[in-house]
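Engineer: Using only what follows, build the 3D model:
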Amino acid sequence: MNKELILEKTKAFVKDKLYGESSGHDWFHIERVYNLSTYLCEKEEADSFIVEMTALLHDIDDWKFSEGNETVTTTTENYLKSVDVDIKSINKIIKIIKTMSFKGGVVNSIQDSIEGKIVQDADRLDAIGAIGIARTFAYSGSENRLMYDPSIKPLDFKTLDDVKNKDNHTVNHFYEKLLKLKDLMNTDTAKHIAEERHRFMELFLDEFYYEWNFNKKSL
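Structural biologist: Numbers count the residues shown, from 1 in each chain. Model (predicted):
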């Protein structure tokens, strides 16, 4: 198994699939997660091939684009077989992908391998901070969601069907997911990076509410 060749083929495959995707899950998201994953992998004792392949493929069968089916990994599995990845590695990659997403915090997303922890951290880091804010609004725009409605409060999800509820707005997503991610990082390096990105989101929300509620009488 020529791992370097497989990685290059995989980059081309994923870029072809996701380039130009408009919801924030595009090729550039994958590239950032890949770069973060390789950085975190340097700090940990992990299988770099599993980390890199998982980072590249983690959104190919994303449940948000598979008609809401959070268990489908058919495209990913077929691709891995087509480039002759060994079955043991395929099983590791698929297992990580199936338990990586936050999904409102209502499903099992605990990683039992260091490789899974690394890629999950990288994916979650790209969901917060300045990039995370931009991706949140991009995704909500693709779903025709309101930017903000102060009468609709953050939801307390109980089931995955609750998570898929369209009757929500973008700002609630910060409270339902993004502001929770800092405390869910697995590795010490990711925890350190998350602190700064978390604080940036808090500052953004402070400014957002200030501008939303602007009243010249208060000046």
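
Engineer: all contacts plus neighbour counts: C-alpha atoms, from now on.
Structural biologist: Fine.

Engineer: Could you pull out the helices in this protein for me?
Structural biologist: Applying DSSP state H to the chain gives helices spanning 3-18, 27-43, 48-57, 74-82, 87-98, 114-125, 129-142, 160-163, 172-176, 188-212.

Engineer: Need the winner for burial among these.
Structural biologist: With neighbours defined as mean count of other CA atoms under 10 Å, the helices of the chain peak in mean count at helix 114-125, which reaches a mean of 26.

Engineer: which other helices and strands contact that one?
Structural biologist: Helix 114-125 is packed against helix 27-43, helix 48-57, helix 188-212, with contacts defined by 3 or more CA pairs under 8 Å, 6 or more residues apart in numbering; DSSP states H and E.

Engineer: What are the contacting residues of that helix?
Structural biologist: With contacts defined as CA atoms under 8 Å, 6 or more residues apart in numbering, helix 114-125 is touched by 33-34, 36-37, 40-41, 44-48, 50-51, 54-55, 96, 100-101, 111, 132, 181, 185-187, 190, 193-194, 197.

Engineer: repeat for stretch 138-149
Structural biologist: With contacts defined as CA under 8 Å, 6+ apart, stretch 138-149 is touched by Ser22, Ser23, Gly24, Phe137, Lys166, Asp167, Asn168, His169, Thr170, Val171, Asn172.

Engineer: Report how many residues lie close to the first one.
Structural biologist: Other residues within reach of Ser22, judged by other CA atoms under 10 Å, total 13.
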